[in-house]
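Colleague: Please work out how this folds:
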Amino acid sequence: MSFHLWLSLFSICLLGAMSPGPSLATVTKHTLAGGRLNGVAAAWAHSLGIGFYAFISVIGLAVVLHKSEALFVTISLLGACYLAYLGWQSLTSKGGIAQTLQSGERVSVRQSAKEGLLISLLNPKIALFFIALFSQFVAVGESHSAKAIVVLTPLLVDGLWYTLITFVLSSSFLLDSLRKNGKRIDQVSGVILLALALRVVWQNVGYF
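Modeller: You can find the predicted model right below:
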């Protein structure tokens, strides 16, 4: 896999991790309720769930591509529609990324890790996101090393992003900055996700 292609994968995975939702709320809740260690535990447990979905998405899409190119293209275009939907949601978001910040009761580190893992494994939208995302990378990543990179990148990006969130929440100044710029983060994410959807369509339109 070329560096340029990996950089695209990295950027999209980062956008996915940054998107407001139950994952951000969960990591934030455990950080504010239990402390930095709880937040880190929730973050990396969550990333293991992300890695699981990434693995089964890569394997599944590779099998589909091998059996039927037409079906693979159809899945890719449906995935593009989903990415466009996510992009539109981000563009029209009213609350911004910081509005998902929540506090909660103090919990153990083990409980934080458990909830972090479950919030990723039990979220079907994550599976849809990876199917939409990986459809453009599986076709060019036939080797085992390329597939490993495609799986490990979102796992590490997710873990590192939410670890960063955990440390940010320890600084009142950075937390205030996040709140002030939350709307702008959503808008930038929306534009990039819409552009990605158009790219997927452009890559597959020649098939027809």
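
Colleague: Just the pLDDT at V200, thanks.
Modeller: The confidence metric pLDDT takes the value 71 at V200.

Colleague: my guess is it meets L78, correct?
Modeller: No - using Cβ atoms under 8 Å as the test, V200 is too far from L78 to be in contact (9.9 Å). C-beta: built from backbone N, CA, C; applies to glycine.

Colleague: overlap in contacts of these two?
Modeller: Contact criterion Cβ atoms under 8 Å, 6 or more residues apart in numbering; residues shared by V200 and L78: A132.

Colleague: Which of the helices and strands in the protein ranks last by mean pLDDT?
Modeller: Lowest by mean pLDDT, DSSP states H and E among the helices and strands of the chain is helix 172-180, with a mean of 63.

Colleague: That one: what's the following helix or strand?
Modeller: Counting by DSSP states H and E, the element after helix 172-180 in chain order, helix or strand, is helix 182-205.

Colleague: now for that next one, which elements pack on it?
Modeller: If you count contacts as 3 or more Cβ pairs under 8 Å, 6 or more residues apart in numbering; DSSP states H and E, helix 182-205 packs onto helix 3-18, helix 69-91, helix 124-138.

Colleague: Could you dump the ones you listed into a markdown table with mean pLDDT added?
Modeller: Below are the helices and strands packed on helix 182-205 laid out as a markdown table (pLDDT from 0 to 100):
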| stretch | mean pLDDT |
| --- | --- |
| helix 3-18 | 83 |
| helix 69-91 | 74 |
| helix 124-138 | 72 |
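
Colleague: Out of the ones you listed, the one nearest D158 is which?
Modeller: Closest to D158 of those, according to Cβ to Cβ: helix 3-18, at 4.8 Å.

Colleague: just the angle between the longest helix anywhere in the chain and helix 124-138, please?
Modeller: In the chain, with assignment by DSSP state H, the single longest helix is helix 36-67. Relative orientation of helix 36-67 versus helix 124-138 (axes from the mean of the first three to the mean of the last three Cα atoms, to 10 degrees): 50 degrees.

Colleague: Helix 36-67: which residues count as buried?
Modeller: For helix 36-67, a neighbour-count test (16 or more other Cβ atoms under 10 Å) marks 38-55, 57-58, 60-62, 64-65 as buried.

Colleague: Packing partners of that helix?
Modeller: Using 3+ Cβ pairs under 8 Å, 6+ apart: helix 36-67 touches helix 22-34, helix 69-91, helix 109-121, helix 124-138, helix 144-168.

Colleague: Just the CA trace of the first one, in CSV.
Modeller: Taking Å, rounded to 0.1, in the frame of the first residue of the first chain, the C-alpha atoms of helix 22-34 are listed here in CSV:
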residue,chain,number,x,y,z
PRO,A,22,-22.0,7.2,22.0
SER,A,23,-18.3,6.3,21.8
LEU,A,24,-17.1,9.8,22.6
ALA,A,25,-19.8,10.1,25.3
THR,A,26,-18.7,6.9,26.9
VAL,A,27,-15.0,7.7,27.0
THR,A,28,-15.7,11.2,28.2
LYS,A,29,-18.1,9.9,30.9
HIS,A,30,-15.5,7.4,32.3
THR,A,31,-12.7,10.0,32.2
LEU,A,32,-14.7,12.6,34.1
ALA,A,33,-16.2,10.1,36.5
GLY,A,34,-13.2,7.8,37.2
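
Colleague: I appreciate the help and will end here.
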